[in-house]
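Colleague: With the sequence up front, the predicted model follows.
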Amino acid sequence: MSSTEGAPRGVIPAHLLKGQKALVTGANSGIGKATAIGLGRAGADVVVNYVAGAEEAEKVVAEIASFGVRAAAYEADVSQEDQVVAMMDRMVQEFGTIDILVANAGLQRDAPFEEMTLAQWQKVLDVNLTGQFLCAREATKEFLRRGVVPEVSRAAGKIICMSSVHQVIPWAGHANYASSKGGIHMLMTTLAQELAPKKIRVNAIAPGAIKTPINQSAWETAEAREDLLRLIPYERIGDPEDIAYAAVALASDLLDYVVGTTLFVDGGMTLYPGFATGG
């Protein structure tokens, strides 16, 4: 363990997002779970979206509700237009509106390129990229309908796209995943350019190596952990809470002038540490 792992962290101010309504997709585990909990701790009412694992989603809801805010779990497949539309309609009916969207839902279907099936390619693009498009589109409709409410936020709405360091780092054996994340980058910047005049802030978070169930094999053994740390100049593997802190900050008025930016939360992985000794 590096000297920074396990070190004390700051406390998220409970008033930072008070009165705001947030939707986090894929929020019953991993990064989505930590982000939903972080937003709730900051005072937001939170909808926890999931596509499977209702019991885990309800546990997340219970933890968020313990902060004295509202929370609910909504089942919806973000790659299905009718389900996304229904989810957003339900949120507006039950919570009144939406102020924050964290488009986090994502998955991997890895294979060597010559063996990758069309189904593997399409599933990842459908969930990771089309899912963000659908959720952002529906949230934007509500942001525009409602407009800015100054006592709630300086922005009409905030969209945070969950990307990855692999929007810039190629990843052999993961052509579908890396392509989806590269697409998210261009989707985010294009939306930011188009929607900024309407006082909608669009940004992205690009996690590096984070301890989540999806990549457990990369850090659960001492050998795997040592190999992974060679790629991280800061010499620690990230926790889901690292992403939650970034999402809370981006969703708040503290970063109201941040528009169209990808925040890399990666311990320096995108610094290409293999070149530190001259390449």
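Modeller: It's in.

Colleague: number of nearby residues for Ala196?
Modeller: A count of nearby residues for Ala196, using other C-beta atoms under 10 Å, gives 14. C-beta coordinates here come from the backbone N, C-alpha and C atoms, glycine included.

Colleague: how about the nearest residue to it, chain neighbours excluded?
Modeller: Nearest residue to Ala196, sequence neighbours excluded (C-beta to C-beta, 6 or more residues apart in numbering): Val259, at 5.1 Å.

Colleague: do you know how far the one you found is from Ala204?
Modeller: 11 Å (C-beta to C-beta, to the nearest Å).

Colleague: Helices of the stretch 101-250 of the chain, residue ranges please.
Modeller: According to DSSP state H, counting those that start in this stretch, the stretch 101-250 of the chain carries its helices in the segments 118-124, 131-146, 175-195, 222-229, 240-251.

Colleague: Which of the ones you listed has the lowest mean pLDDT?
Modeller: Of all the helices of the stretch 101-250 of the chain, mean pLDDT reaches its minimum on helix 222-229 (a mean of 88).

Colleague: CA atoms of it as CSV?
Modeller: Written as CSV, here are the backbone C-alpha positions of helix 222-229 (Å, rounded to 0.1, in the frame of the first residue of the first chain):
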residue,chain,number,x,y,z
ALA,A,222,-0.5,-8.9,-5.3
GLU,A,223,0.9,-9.7,-8.7
ALA,A,224,-1.9,-8.0,-10.6
ARG,A,225,-1.8,-5.1,-8.3
GLU,A,226,2.0,-4.6,-8.8
ASP,A,227,1.5,-4.7,-12.6
LEU,A,228,-1.3,-2.2,-12.4
LEU,A,229,0.6,0.2,-10.2
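
Colleague: Give me the buried positions along that helix.
Modeller: Going by neighbour count (16 or more other C-beta atoms under 10 Å), the buried part of helix 222-229 is Leu228, Leu229.

Colleague: what sits against the closest residue to Trp121 other than its chain neighbours?
Modeller: Counting by C-beta to C-beta, 6+ apart, Trp121 lies nearest to Asn176, which is 4.7 Å off, once chain neighbours are set aside. Going by C-beta atoms under 8 Å, 6 or more residues apart in numbering, Asn176 touches Arg109, Met116, Gln120, Trp121, Lys123, Val124, Leu125.

Colleague: how about a cut-off of 7 Å?
Modeller: Arg109, Met116, Gln120, Trp121, Val124, Leu125 (C-beta atoms under 7 Å, 6 or more residues apart in numbering).

Colleague: thinking again about what came up before, any idea which of the helices of the stretch 101-250 of the chain is most buried?
Modeller: helix 240-251 (a mean of 23; mean count of other C-beta atoms under 10 Å).

Colleague: Need the residues that contact it.
Modeller: Contacts of helix 240-251 (C-beta under 7 Å, 6+ apart): 9, 12, 16-17, 30-31, 33-35, 37-39, 42, 100, 102, 158, 160, 203, 205, 207, 210, 212, 255, 258, 263, 265.
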